[in-house]
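Colleague: Would you be able to build a 3D model of this:
(one chain, ligands or ions: 1)
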Amino acid sequence: MCGIFGSAARRDVADLIVRGLRHLEYRGYDSAGVAVVDGGDLKVVRREGRIDRLAEAVVSTGLHGSTGIGHTRWATHGESTERNAHPHRDGSGNLAVIHNGIIENHEVLRERLVGRGHAFSSETDSEVLPHLIEEHLKDQDLLGAVCSTVPELIGTFAFVVIDRTRPGVLVGARRDSPLVVGIGDGENYLASDVAALLEVTRDVVYLENGEVVELTPDSVRVIGPDGRERPAVAERVEWDAEATAKGGYRHFMAKEIDEQPAAVAKTLKRHVDAADERFLVPGLAPIADFLRSVQRVTIVACGTSWHAGLVGKFLIEERAGVPVEVDYASEFRYRDPILADRHLVVAISQSGETLDTLAAVRDARARGAKLLSIVNVQGSSLTRESDAVLLTDAGPEIGVASTKAFTTQLLVLQLLSLGLARLRDRRSVEETRAAVDGLRRVRAKMEECLEARDEVARAAERYARASDFLFLGRGVNYPIALEGALKLKEISYVHAEGYPAGEMKHGPIALIDRSLPVVVIATPGRVYEKAISNMQEVKARGGRILAVAAADDAAVAKLAETVLPVPVVDDSLSPLINVLPLQLLSYWIADLRGCDIDKPRNLAKSVTVE
Ligand code: M6R
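Modeller: Next up, the predicted model:
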């Protein structure tokens, strides 16, 4: 939600900021703006809509300056108008501020500030920030004023301020919203995520919650919530700039779908090459003793990551014999969850910054649970708050619809279930080695599956105008039905429901008629016959069946209008394969419907507000 980019340099940074914002556009695309300090002037350009409009305005207004900030907005308070676009100014006209998050006490603060003569020009919560900083600047420098502002705020934020009278200085602060410092050569940067910095640097300093940072072209000072300065030690990021480019594809989503076989293989290699002879992957080592006698597992996640968690439940319960619950992170924190003694909470998140997930794990840890995270973004908040971390190697995922993050999460959950089973002596080394060999073969199977992309594209033409879809799956593929429906909803705006196939007869069967495409996952495995029976039930009521099934499955061919062919693999591995045609189906349907695939309406990639 909202992207922030800023730089203190000795060259013109206006274009650099616009380029940084382009990498962050997935975080919000309602409006955008840039402010630069140019000589003694503070210049601000804001536009409603996409970064392209802002980029044109930056050029046409001749915006230049060596200190600057930029913002791309996902609206929370106030409509997506230019008036509500960031940066926001203070009354003196000296300050410009960009903000990501929600200032929950903004009304109280605004009232107080208005009482002191401050005039507001937007409907946003964010506009209180420049006015508060202005108040504190009366007797402090910019860094001090921000340090004094932070304790007055309730809510979540990452914000950055520049001051016309202090060229060359950027001051930022964060609490529960991400902000990363990029270290350059004679110039420094602030951004909402690492991917936005890769064009300029791979050396970053992750800010902790409650920290305030002051940047100049040559210095970085980080002040903790206790007012003490700490050394700003840079870490090297594994990703490179190339990974954030479209690489000849029309959409990031298409590129990211194709990247999955390699990403899954890379994730496997990261963990397995470094595993010991017991197949204890190094990421589990810090909590190995705890895992040996773990009593219960609760998986918390949102969206697609939650679907991965449902697959994880099947794998962990079956292999390691530990009971697993899967909770929506946004629900977990508003119940009174019962956490047993020796309770493991597993958080799954691509970004590692989803606020609901962070809030849930903080709650769980406060209740005494151990926290293991499965995260794609190295250095993200979740990785820094966990007792143990298993990274996925998806690389930067830019498309708002998650694809390669999902399949790499599935791969890590395979390893987690195998590792837990080993630690609890439920599987022999030989059995585990055989399972890992099976995982090594998944890459080739995924590649084979993606070769059918044109076939899926042709199928999409047949169904692109349907207004509703039903997705059915059973067992370990029930979460894949949910994921197929979510993909279709989010990028093509077509109503879709995912259901466990056995539940169809308890209600959704009433929806079936000749106009309803029903996608059934019917690959060989424990519940194959049941899936065939469910297809019979759909067919008997005139539903149009698209089956995800083996290409040579005669029983399926008799029942289905269309087969989305997949290679046959072991049942436990089938989610890694079966999700691919569903991703492709939603991609092609969205394309045929003329949707903005990488930036679907109303959505943001990283949901850092409640
Ligand atoms: O970064 P996270 O994995 O924590 O994000 C969770 C969800 O917001 C995310 O999976 C969302 O549902 C995607 N748009 C799905 O494609």
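Colleague: can you confirm Cys595 is in a strand?
Modeller: No. Under DSSP: H, G, I helix; E, B strand; the rest coil, Cys595 falls outside any strand and is assigned coil.
Colleague: Tell me if I'm right that it and Ser492 touch.
Modeller: Yes. Cys595 is within contact range of Ser492, at 5.5 Å (criterion: Cβ atoms under 8 Å). (C-beta placed from N, C-alpha, C; glycine too.)
Colleague: domains for the protein, by residue range?
Modeller: Domain assignment for the chain by automatic domain parsing gives 3-243, 252-440, 452-599.
Colleague: okay, those domains in CSV with distance to Val607, mean pLDDT and mean neighbour count next?
Modeller: Converted to CSV, the domains of the chain look like this (distance: least, Cβ to Cβ, whole Å; pLDDT from 0 to 100; neighbours: other Cβ atoms under 10 Å):
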stretch, distance to Val607, mean pLDDT, mean neighbour count
domain 3-243, 9, 93, 20
domain 252-440, 5, 94, 21
domain 452-599, 12, 94, 21
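Colleague: Output those as a markdown table; include the columns distance to the ligand.
Modeller: Listed next are the domains of the chain as a markdown table, based on distance: least, Cβ to the nearest ligand atom, whole Å:
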| stretch | distance to the ligand |
| --- | --- |
| domain 3-243 | 10 |
| domain 252-440 | 2 |
| domain 452-599 | 6 |
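Colleague: Just the CA trace of stretch 582-602, in CSV.
Modeller: Only the C-alpha atoms of stretch 582-602 are listed here, as CSV (Å, rounded to 0.1, in the frame of the first residue of the first chain):
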residue,chain,number,x,y,z
LEU,A,582,-5.2,-22.3,-13.5
GLN,A,583,-2.8,-19.4,-13.3
LEU,A,584,-2.6,-19.5,-17.1
LEU,A,585,-6.3,-19.7,-17.5
SER,A,586,-6.9,-16.6,-15.4
TYR,A,587,-4.1,-14.8,-17.2
TRP,A,588,-5.5,-15.4,-20.6
ILE,A,589,-9.1,-14.7,-19.6
ALA,A,590,-8.0,-11.4,-18.1
ASP,A,591,-6.0,-10.6,-21.2
LEU,A,592,-9.0,-11.3,-23.5
ARG,A,593,-11.2,-9.1,-21.3
GLY,A,594,-8.7,-6.3,-21.6
CYS,A,595,-7.9,-6.1,-17.9
ASP,A,596,-4.8,-4.5,-16.5
ILE,A,597,-3.2,-7.8,-15.5
ASP,A,598,-0.2,-6.6,-13.4
LYS,A,599,-2.2,-3.9,-11.7
PRO,A,600,-5.7,-5.0,-11.1
ARG,A,601,-8.2,-2.4,-9.9
ASN,A,602,-8.4,-1.7,-6.2
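Colleague: Can you report phi and psi for Arg384?
Modeller: phi -90, psi -10 (degrees, to the nearest 10).
Colleague: For it, give me its contacts.
Modeller: 206, 208 (Cβ atoms under 8 Å, 6 or more residues apart in numbering).
Colleague: quick one, strands of the stretch 401-550 of the chain?
Modeller: Along the stretch 401-550 of the chain, counting by DSSP state E, counting those that start in this stretch, strands occupy 468-473, 495-500, 517-521, 544-550.
Colleague: Show me what the third one packs onto, helices and strands only.
Modeller: Read it as strand 517-521. Strand 517-521 sits against strand 468-473, helix 478-492, helix 528-540, strand 544-550, helix 574-592, with contacts defined as 3 or more Cβ pairs under 8 Å, 6 or more residues apart in numbering; DSSP states H and E.
Colleague: Arg367 is nearest to which of these?
Modeller: helix 478-492 (26.4 Å; Cβ to Cβ).
Colleague: quick one, that closest one and strand 495-500 angle?
Modeller: Calculated by axes from the mean of the first three to the mean of the last three Cα atoms, to 10 degrees, helix 478-492 forms an angle of 170 degrees with strand 495-500.
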